[in-house]
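Student: Show me how the following folds:
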Amino acid sequence: MSTIESELFETPRLELLKVCEEDAPLLLAVWNDPSFIEHVSDRGIRTLEQAHKAIVQGPLKTYREYGYGPYKMLRKSDGEALGICGLFKRDYLEDPDLGYAVLPGYRGAGYASEAARQVLVIAAIAFDLPRVKALISPDNAASIQLIEKVGFKFLRRCKTDENEDALLYGFEFDGGSAP
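Tutor: Below is the predicted model of the structure:
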């Protein structure tokens with residue numbers, strides 16, 4: 001990876017690395033966080049074995065097919081895994097979806113917005129995407145505030161593929177340039 005590419009996956013406080021099978025404990029914690037279950041979905045993944053399988057069928061497949069996917073957020077100061085942030089391909093959306101989840105002990109410190117901004121840079125520079133969407137649960141005030149703070153605009157109410165109510169936001173790159 002060239003220097004410019006490797007710099008894309010860093011922020012002042014975080015490293016963003018592709019999720020791999022060894023990240024099953026992190027993803028298991030994310031997927032079973034009560035806030036994730038309430039605002040995103042209950043994936044029904046309760047064991048490390050199920051998490052490994054979900055990583056193979058989800059993120060690893062997405063990387064192969066689209067080049068992008070979720071990134072684990074590692075704090076540079078101590079290497080602690082804080083959560084995930086990345087681009088997700090939804091069959092019912094034309095554009096990739098920016099998604100993130102921060103584990104409870106690390107919320108409120110600005111990590112999600114820092115990672116989200118950097119994922120937008122990655123989307124523009126590494127993947128040359130013209131726009132990115134974000135699906136937010138209507139009752140998730142913190143995520144609505146975050147997504148608006150990083151520059152997304154509300155588009156409309158919609159339903160997810162699981163028939164859940166959602167707010168659809170969009171981010172358009174100005175001439176393909178990074179935010």
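
Student: how about the residue lying closest to residue 68 once chain neighbours are set aside, what does it touch?
Tutor: Distances taken as C-beta to C-beta, 6 or more residues apart in numbering put residue 87 closest to residue 68, at 4.3 Å, once the chain neighbours are dropped. The way it works is simple: take the backbone N, C-alpha and C, and place the C-beta from them, glycine included. Residues counted as contacts of residue 87 (C-beta atoms under 8 Å, 6 or more residues apart in numbering) are 66, 68-70, 96-99, 119, 122-123, 127, 129, 132.

Student: Likewise for residue 164?
Tutor: Contacts of residue 164 by C-beta under 8 Å, 6+ apart are 41, 137.

Student: phi, psi of it?
Tutor: phi -90, psi 150 (degrees, to the nearest 10).

Student: Let's see the pLDDT reported for it.
Tutor: Per-residue confidence (pLDDT) for residue 164: 83.

Student: swap in residue 3?
Tutor: 44.

Student: immediately after the lengthiest helix in the chain, which helix or strand?
Tutor: Identified as the longest helix of the chain according to DSSP state H is helix 111-125. Next in sequence after helix 111-125, counting helices and strands by DSSP states H and E, comes strand 131-136.

Student: Mind listing residues that contact that next one?
Tutor: Contacts for strand 131-136 (C-beta under 8 Å, 6+ apart): 87, 90, 93-99, 120, 123, 143-144, 147, 152, 155, 158, 160, 166-173.
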